[in-house]
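> let me see the structure of the following:
(chains A and B)
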Amino acid sequence: MRLSRSFVPTLREDPADADIASHRLLLRAGFIRPVMAGVYTSLPFGLRTMRKIEGIVREEMDAAGAIELRMPIVLPAEPWKATGRYELYGDVMFKLADRHDRGLVLGPTQEEVVAALAAGDLPSYRDLPKNVYQVEWKYRDEFRPRFGLLRAREFLMKDAYSIDRDEDGMRESYRVMYEAYVRVFERLGLEVAIVEADPGQIGGGVNHEFMARATVGEDLFVECENGDYLADTEAARPMAPEPAGEGTERLVEVDTPGTPTIEALATFLQVEPSTTLKCVLFDVAGRSTAVLVPGDREVSVNKLEKLVFPAKVRPFEDADFGARGFAKGYVGPQGFGDDTTIIADHLVRGGRDWVTGSNIVDRHVTGANVGRDFRVDRWEDVVEFREGDPCPVDGGALRIGRSIVVGHIYQLHTHYSAPLGARFVDEDGTEKPFQMGSYGIGITRILAAAVEQSHDEAGIVWRKAVAPFEVVVIVATRDDEASVDEAERVYAELLERGVDVAIDDRAETAGVKFADADLIGYPVQVVVGKRGVAAGTVDVKVRATGERTQARLAEAAQAAEQALAAAP
RNA sequence: CGGGACGUAGCGCAGCUUGGUAGCGCGCAGCGUUCGGGACGCUGAGGUCGCGGGUUCAAAUCCCGCCGUCCCGACCA
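Model prediction:
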């Protein structure tokens, strides 16, 4: 490829609207251009890199026995209504209508399509298992597109779907995909943490996220300082504390005027917030539900929703307190009737003689103890994770890491096949819904994640597996015919040897070409100039290390290949 | 969706407070000089100042509305 004939518009300055490294560098290096918020044109180098990532993904999918096909982007809305995702996704789905005013959607993912396909064309258990995949553009009208390609409204995704006869088969398909994913990220050179993730409100099946570590990721994960525990922040459950034992104080009511918040209460009584008991009220399917956590902690609504699924959780509004006989700001669990469910976090076991509400405005109680003064209906993990919490495996401190979710795999069971009536006839002659799994990899997101994990002051540092070109031959003295000829010769020889090589033959000064080569991030640069040619040498620079070596002109191609072989 | 900032030439920005001929750097074009780490000189092209309305003799500048982009956040007793 000749840079003089390609289209790689590099920018000398940082674009004003790009804050994070991948967005900034992909714009500057001429890989992408914005069209509107969250939607980008892929310029030649961006497209080429994307294709290399796709290539690796395809190879591993094929090797794992998945079959490539291609599904449409424009889809009828009905199946999405049948599975409930039309409402669940809500405004995140791009919705449109055709000339007959039929509802259409742009595919955000395609479980509905696969289920329908299987229903029609995989009628028998003899047809199973199958795993189909595609690499196609996905559309999600994100709440807030940001960070360039990391959260875009249009993005390229590899999505695979396993279709099995029974749960064992589904789990086996899942295992095979899991392992294929491990290989994909290894080959891409991405450092990923594999985290068992939040089962989500829907389905609730086993699922894992492949999280590329980054300094800017939107997605947080939790890991133990000793490296033996990893989890999604929503799934992280700290080690339960040792029970604190029997209380020693008696229950006493105290006047605490103007203390509806934990902070005000703790200040007024001169106690630590952690010695107070916070009692948060929710409406769960019409029933009052009190959640108890230590005063210095927060209730995880997400965890609560999962606990009571499929019932809906609604936090109390001001009107609910009065209407149901609770004193807002002074709620305590003593004396709650059977019409209120009391859920306590495990952390509450670790305390005693609590300070909590008295259910009378401007009054609290001290010395409240579980069992004697109030009951607990369920002990659960409902507290919001906090950094430093003890690891459930070894008690070590849990830390939050930032990451970019580059892959996500799910065991779906019959979550989509059942509502869509996607069934096959099993060996015993009965109809059964397919057992499905789905497996996504964000191709464009990987493009950005790779830059996040591998860049420096000068620009991107691509690994050779995904670089737009592995080697660039730089013509450093464009006016010198001998240099140009030698550069062309080295370029031709590298091409002949099957190296993925570009030649910078533009009418630019050497400085511009060097800066661009570093910015673009070719793993290996071969510099051919007058000085070297006169001495019979070329320079070979490895981008990742910055190391430069001289090679004999006649052996330039071999030297470049060797440098490439040694490069990451 | 709430909050904040920004919108002036392809890109990065100044000008706005105090209204009066639209500027700088980079890039781009021509000529000449240069030629191994973002060269230099001269000449030149390029702008409905986001859009609409208002105030004014006069608006990039003041006022109102809208649109767009980016950032932060999204219920806690």
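
> nearest residue to A:L11 other than its sequence neighbours?
In this structure, A:L11 finds its nearest non-sequential neighbour in A:R28, 4.5 Å apart by CB to CB, 6 or more residues apart in numbering. No exception for glycine: its C-beta is placed from N, CA and C like everyone else's.

> in contact with the one you found, which residues?
A:T10, A:L11, A:E13, A:D14, A:P15, A:G459, A:L519 (CB atoms under 8 Å, 6 or more residues apart in numbering).

> any idea where the helices of the stretch 251-400 of chain A begin and end?
A:262-269, A:301-308, A:318-323 (DSSP state H, counting those that start in this stretch).

> cool, and the stretch 451-568 of chain A?
A:481-496, A:510-520, A:530-535, A:556-566.

> quick one: closest of these to A:V425.
helix A:556-566 (54.1 Å; CB to CB).

> list the buried residues in the closest one.
By 16 or more other CB atoms under 10 Å, the buried positions in helix A:556-566 come out as A:A556, A:A557, A:A559, A:A560, A:E561, A:A563, A:L564.

> also stretch A:281-296?
For stretch A:281-296, the neighbour count (16+ other CB under 10 Å) marks A:281-284, A:288-296 as buried.

> that one near RNA strand B anywhere?
Yes. Contact of stretch A:281-296 with RNA strand B (CB under 7 Å from any atom of the strand) involves A:L281, A:F282.

> what's the mean pLDDT across that stretch?
Averaging pLDDT along stretch A:281-296 gives 88.

> measure it end to end?
16 Å (CA to CA, to the nearest Å).

> how far off centre is it?
30 Å (CA atoms, centre = their mean, to the nearest Å).

> up against RNA strand B, what does the stretch 451-568 of chain A have?
Counting by CB under 7 Å from any atom of the strand, the stretch 451-568 of chain A sits next to RNA strand B at A:458, A:476-480, A:509-512, A:514-519, A:525, A:527-533, A:538-539, A:541, A:548.

> so where is chain A shaky, pLDDT-wise?
A:198-204, A:309-310 (pLDDT under 70).

> and A:L47, that one's in a strand?
No. Counting by DSSP: H, G, I helix; E, B strand; the rest coil, A:L47 is not found in a strand; it is helix.

> enumerate the beta-bridge partners assigned to the residue nearest to the spatial centre of chain A.
In chain A, the centroid-proximal residue (CA atoms, centre = their mean) is A:V405; its distance is 1.9 Å. Beta-bridge partners for A:V405, by DSSP bridges, are A:M211.

> what's the neighbour count on A:P315?
By the criterion of other CB atoms under 10 Å, A:P315 has 12 neighbours.

> these two touch, right, it and A:V301?
Yes. The pair A:P315 and A:V301 passes the contact test of CB atoms under 8 Å, sitting 7.1 Å apart.

> intersection of neighbour lists for the two?
A:F282.

> tell me the phi and psi of the residue nearest to A:L11?
Per-residue torsions, A:R28: phi -60, psi -40 (degrees, to the nearest 10).

> that one and A:D296, how far apart?
For A:R28, the distance to A:D296 (CB to CB, to the nearest Å) stands at 45 Å.

> A:F282 too?
20 Å.

> quick revisit: which of the contacts of A:R28 are buried? Put it as a ChimeraX command.
Restricted to buried positions by 16+ other CB under 10 Å, the ChimeraX selection for those reads:
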select /A:10,459,519
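
> take the contacts of A:R28 and keep only those in helices.
In this view, the contacts of A:R28 that belong to helices under DSSP state H are A:L519.

> ok, the single nearest residue of the stretch 451-568 of chain A relative to RNA strand B - contacts?
Distance from RNA strand B to each residue of the stretch 451-568 of chain A (CB to the nearest atom of the strand) is smallest for A:G529, at 1.9 Å. Contact analysis of A:G529 by CB under 8 Å, 6+ apart lists A:V475, A:A476, A:T477, A:D480, A:S483, A:A510.

> wait, the third one sits on A:A510?
Yes. In terms of CB under 8 Å, A:T477 counts as a neighbour of A:A510; the distance is 7.0 Å.

> which one's more surrounded, the two?
A:T477 (19 against 15).
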